Structure formats: C-alpha cells, structure tokens
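>>> Provided below for reference: sequence and predicted model.
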Amino acid sequence: MAQLPRRSSPDHTADEPRTDLDLESVAERLREERDEARARLTTMTRDLEAVFAASTDSNADDEHDPEGQTIAYERSQLAALIQAAQDHLGAIEAAMLRLQQGSYGFCEVCHEPIPSARLDARPTARTCVRHAALLRG
Ligand SMILES: [Zn+2]
C-alpha cells in the first residue's frame, strides 16, 4: 500500500502574528487612513499646481514684489504639507506590509509587542514607547 505524502506544516515561523490584536480592524483602519491620505495628497498637489500657475500668470518672480513673496510662502508651506502627507502615506503602507508579513505590532528595536493602547493611538507605530525616539515613523 502506497503511503500518502505527508503535508509538512511549518511548526515554527520566525514571526508569529499578534493574536491579542484585532488585525482585521487594524487593516481596515489602515486602509481608511491610506485612502484619506491619498485624497489629501491629491488635493494639495492640485493646490500647489494652482499656486504655480498663479505665479506664472502674475509673473511674480520678483522677490521684491509682495505678491511674489506671498506666493513663495504659500508654495513652501504647501510643499512641506505635501511632504508630510507623503511621509504619512509611506508609514501607512509600511504598516500594511508588516501586517501582511505578520510583524505588525512588534517593536523594530527590541521585538517586544507594542502595547495595544499605543497602536490604537498610532496604528503606524514601529516601536514601543521606550524606543520611539530611536526610530520615527
Ligand atoms: Zn522597543
């Protein structure tokens, strides 16, 4: 009688996903935050383009022109906001990837589970509170 091939099951994985977290709702929340961040980014990018278009129209390249200074200020403010939104979006996408890989919710420095209260407040947290200063994100 031929023996059936045994299905080998991985007994140990390097990273066991957190069982104390509702990973489904975390994923849901990250998806929502990602969509919001994307929408914000689209709006701000349009605004920035509008500012650029306005500065071309009024030919406000002259730095002594008060209008030109306002536009330059607006432009740098918007650029900073866009950068921040891009960073946030990147952090969300990285968290979603960790969720897929089963490493979500563990400190990247000491590999201890991150308290769920901290993850509630900051779903993109990559570290425990103790190591937050070491690794921003
Ligand atoms: Zn840590």
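That came through fine.

>>> contacts and neighbour counts: CA atoms only from here.
Will do.

>>> please parse the protein into its domains.
Taking automatic domain parsing as the criterion, the chain consists of the domains 23-102, 105-137.

>>> could you work out the end-to-end span of the first one for me?
This means domain 23-102. The straight-line separation of the ends of domain 23-102 (CA to CA, to the nearest Å) is 10 Å.

>>> any chance of JSON lines for the domains of the chain, columns mean neighbour count?
Conversion of these to JSON lines gives the following (neighbours: other CA atoms under 10 Å):
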{"stretch": "domain 23-102", "mean neighbour count": "15"}
{"stretch": "domain 105-137", "mean neighbour count": "16"}
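
>>> closest one to residue 16 among those?
Residue 16 lies closest, by CA to CA, to one member of the domains of the chain: domain 23-102, at 6.3 Å.

>>> if we can go back for a sec, mind putting the domains of the chain in TSV, mean pLDDT included?
Shown next, in TSV, are those (pLDDT from 0 to 100):
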stretch	mean pLDDT
domain 23-102	88
domain 105-137	90
